[in-house]
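[1] Generate coordinates for the sequence data below:
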Amino acid sequence: MWANGESNILFDKENEITFGEVKPPSASNNIVNQALIKLAEFIKGSLDSFHKQFGYSSISETFGIIIGGCCIRLFSMDIVFDDSYRFKQIEKMLLPTEIANFLTIVPVIANLYSLLISLLIMYP
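    Predicted coordinates:
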């Protein structure tokens with residue numbers, strides 16, 4: 001994990017398949033958009049590295065997460081055709097900001113757990 005809020009998750013010691021950026025609630029849209037571009041570049045580089053190392057697979061996919069304040073957005077990238085990358089937002093979740101809304105955290109945790117299970121199935 002880097003000091004500026006970037007992190008990566010390793011499912012084996014050589015291949016990074018999930019990256020993240022954390023931004024404070026006070027971050028401007030410009031800062032968050034720059035983080036999204038940087039995240040997409042990391043994800044693409046990881047996907048390219050994965051394909052160079054193991055060969056092309058249509059089921060290869062890498063993931064990213066941006067946490068900005070109480071908003072969590074999950075992204076994925078795959079290669080649809082030769083050198084044609086697809087980057088898509090797969091989930092957007094809001095963390096509760098008040099005690100009265102605390103029960104809204106249950107679907108957030110369920111969605112994150114579902115992503116973890118998908119990753120473990122895809123990359124055993």
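[2] which stretches of this protein have low pLDDT?
    Applying pLDDT under 70 to the chain picks out residues 1-16, 58-59, 123-124.
[3] need the helices for it, in chain order.
    Under the criterion DSSP state H, helices of the chain are mapped to 29-54, 105-122.
[4] gap between the first one and the chain center?
    Translated: helix 29-54. Computed by Cα atoms, centre = their mean, to the nearest Å, the chain-centroid distance of helix 29-54 equals 9 Å.
[5] Distance to residue 90 for the helices of the chain - can I get that in TSV?
    From N, CA and C alone the C-beta is placed, and that goes for glycine too. Shown next, in TSV, are the helices of the chain (distance: least, Cβ to Cβ, whole Å):
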stretch	distance to residue 90
helix 29-54	12
helix 105-122	8
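[6] Switch the ones you listed over to TSV; also include distance to residue 93 and mean neighbour count.
    Converted to TSV, the helices of the chain look like this (distance: least, Cβ to Cβ, whole Å; neighbours: other Cβ atoms under 10 Å):
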stretch	distance to residue 93	mean neighbour count
helix 29-54	15	15
helix 105-122	4	12
